[in-house]
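[1] Just the structure for this:
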Amino acid sequence: MVALGQDTLSNLPERIGRPSYDRSRVSPGIAHLSVGNFHRAHQAVYLDQCLSLPDQEGWGILGVGIVDSPAERAKAEALQAQAGLYTLSVFPPSGQPTSSVIGSIVEYLFAPADPAAAVARLSDPAIRIVSMTITEGGYNIDDKTGAFWLDAPDIVHDLANPDRPKSVFGFITMALAKRRAAGTKPFTVLSCDNLQHNGEVAKAAVLAFARAHDPDLADWIEAQVAFPACMVDRITPAVLPADIRRLNEMTGVEDRAPIFAEDFIQWVVEDRFCNGRPALEKVGVQFTHDVKGYEQIKLRMLNASHIMLSYPGQVGGYTFVHEAMADARVLTLLRTFLNQDVIPLLTAPPDMPLDRYRDIVLERFANPAINDQLARLTSDSGSKIPVFLSETIRTCLDGNRDHRRLAVMLAGFARYLGGIDDRGQRFDPIEPNLGPSDRALALDPDPTAPLRISTLLPLKLEQHPGFVASFVGYRRMIDERGLLATIETVVD
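    As a prediction, the model looks like this:
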């Protein structure tokens, strides 16, 4: 097995793809904050292809680790040791997987080890785009009020210690402050998270932090910095130690940070940049002046379906998404949900027919080679439900439409928060953005209590007596019969 590194690329097995460009000529033009598996399977892949084109060598990636944790430190050490290289294995629904080395990350910094150095690199005029994947719940914005939480611990720290930031907002703002002082053009801030209007959300968060630090700087950022929206899509599972061994045995490459993904990939970007951009349209990225139509379809069909299947899957005792999809009850639930509750409420762009997109989504979920974990889908549900399902819920309730599948989904969410599956086995719900009072509501004897969880309050569900009655009824049915049996009652 060949250890992965810049000096060993020519020694890799012939079946493994590798960069076709000279990495020694590539320099970072994009800094990406929080280099997770999704970024490495998505944006970094598009940039890897783009670097093979003429005159694109200035658009390499500077990866910046943000979170100080053992896992993030280990990833930083691995990528630094491998010169930013890693293998990506792509698994289609049928046929053989393919593997290649991705070379677009040409520099990697672990910001917690030296925050000042990270700010200095972001201040470099060569960095013309700062992108980020910090999760749906990472924007530090109150779902109820839309206000930025200035009292969050990392924000308090950054405002008091601007030269040693911890948060992405501190790093972005302080780098822009240095660029403004030096007369350097600002960079574009590009959110790549699964958020509706992610460009607007990123702009609101950065401006709120900047205004608390320096109002004049905030005015300059608002006038000079672009915050384009984008829609991203690729299923990228978590990589467990067993996956590392499996992937390395398959590739014949000793890689400390391998990843794998499905073969589907899509990126739709609002074409609004303040300091140039790479020629990504030549490698399949869709540029548009209005991302909203694409965004709505992806969030309300794919991401919402992920939530819809995740609770009956995990509470029903399954571990992987494809296992749940093989259960006819789950598949029928998803198809009914999409056909009756979602597609009639959407208007598609001409190049994205909804029936075809529905079939692609269901085929992707059923891909057995991906081994996507249901626990990944259920994690941080408290943040995901408002993002992916709020518009469907509001439209359904305001229009007096059939609400049964939405009610059973939230009843399943309450059951999931209890941490017990249909077989009586315990598991730990991963909810980093729900506090102790929210968790207590899931266990409250009042059957309506989970509807008052903080992230659900903006939906005003208790103002709809019929929905509340259905929710309570489904909670009772789940307790008596289990969640998988309960979902059978909402697909006629």
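[2] Can you tell me how far residue 262 is from residue 56?
    Relative to residue 56, residue 262 is positioned 26 Å away (CB to CB, to the nearest Å). Using the backbone N, CA and C atoms, a C-beta is placed for each residue, glycine as well.
[3] could you pull out the strands for the stretch 101-250 of the chain?
    Along the stretch 101-250 of the chain, counting by DSSP state E, counting those that start in this stretch, strands occupy 105-110, 129-132, 188-191, 230-233.
[4] element containing residue 44?
    Take DSSP states H and E as the rule and residue 44 turns out to sit in helix 43-50.
[5] Tabulate the strands of the stretch 101-250 of the chain (a markdown table), appending distance to residue 452 and mean pLDDT.
    Listed next are the strands of the stretch 101-250 of the chain as a markdown table, based on distance: least, CB to CB, whole Å; pLDDT from 0 to 100:
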| stretch | distance to residue 452 | mean pLDDT |
| --- | --- | --- |
| strand 105-110 | 40 | 98 |
| strand 129-132 | 32 | 98 |
| strand 188-191 | 30 | 98 |
| strand 230-233 | 32 | 96 |
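[6] As a markdown table, these with mean neighbour count and distance to residue 367 would be great.
    Converted to a markdown table, the strands of the stretch 101-250 of the chain look like this (neighbours: other CB atoms under 10 Å; distance: least, CB to CB, whole Å):
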| stretch | mean neighbour count | distance to residue 367 |
| --- | --- | --- |
| strand 105-110 | 22 | 26 |
| strand 129-132 | 24 | 27 |
| strand 188-191 | 24 | 27 |
| strand 230-233 | 22 | 14 |
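[7] Minimum distance to residue 167: which of those strands has it?
    strand 129-132 (11.0 Å; CB to CB).
[8] what packs against the closest one?
    strand 28-33, helix 168-182, strand 188-191 (3 or more CB pairs under 8 Å, 6 or more residues apart in numbering; DSSP states H and E).
[9] How far off centre is that strand?
    Mean-position distance between strand 129-132 and its chain equals 14 Å (CA atoms, centre = their mean, to the nearest Å).
[10] Show residues contacting it.
    Strand 129-132 has contacts (CB atoms under 8 Å, 6 or more residues apart in numbering) with 29-34, 39, 43, 122, 168, 172, 175, 187-193, 202, 273, 275, 277.
[11] Neighbouring strands - and their directions - for that strand?
    Paired neighbours of strand 129-132 in the sheet (DSSP bridges): strand 28-33 (parallel), strand 188-191 (parallel).
[12] Against residue 472, how distant is the spatially closest residue to residue 251 that is not a sequence neighbour?
    Spatial nearest neighbour of residue 251, chain neighbours left out: residue 99 (4.7 Å); criterion: CB to CB, 6 or more residues apart in numbering. As defined by CB to CB, residue 99 lies at a distance of 50 Å from residue 472.
[13] Can you spell out which helices and strands pack onto the strand or helix carrying residue 480?
    Residue 480 is part of helix 465-481, with elements assigned from DSSP H and E. Contact analysis of helix 465-481 by 3+ CB pairs under 8 Å, 6+ apart lists helix 404-417, helix 483-487 as its packing neighbours.
[14] Which residues does it contact?
    Residues from elsewhere that reach helix 465-481 (CB under 8 Å, 6+ apart): 315, 397, 403-404, 406-408, 410-412, 414-415, 447-448, 451, 461-462, 485-486, 489.
[15] would a markdown table of the helices and strands packed on strand 129-132 with distance to residue 230 be doable?
    Supplementary listing: these in a markdown table, determined by distance: least, CB to CB, whole Å:
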| stretch | distance to residue 230 |
| --- | --- |
| strand 28-33 | 13 |
| helix 168-182 | 16 |
| strand 188-191 | 7 |
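[16] Check the contacts of helix 465-481 for burial and list the buried ones.
    Neighbour-count burial (16 or more other CB atoms under 10 Å) applied to the contacts of helix 465-481 gives 315, 397, 403-404, 406-408, 410-412, 414-415, 447-448, 451, 461, 486.
[17] Tell me how many other residues crowd the spatially closest residue to residue 158 that is not a sequence neighbour.
    Of all residues not flanking residue 158 in the chain, residue 170 sits nearest, at 3.3 Å (CB to CB, 6+ apart). Residue 170 sits with 26 neighbouring residues when counted by other CB atoms under 10 Å.
[18] before we move on, what about residue 151?
    7.
[19] go on, the one 10 residues further on?
    As a burial measure, the neighbour count of residue 161 was computed by other CB under 10 Å and equals 12.
[20] Quick check: closest non-adjacent residue to residue 410.
    Once flanking residues are discounted, residue 410 sits nearest to residue 471: 5.9 Å by CB to CB, 6+ apart.
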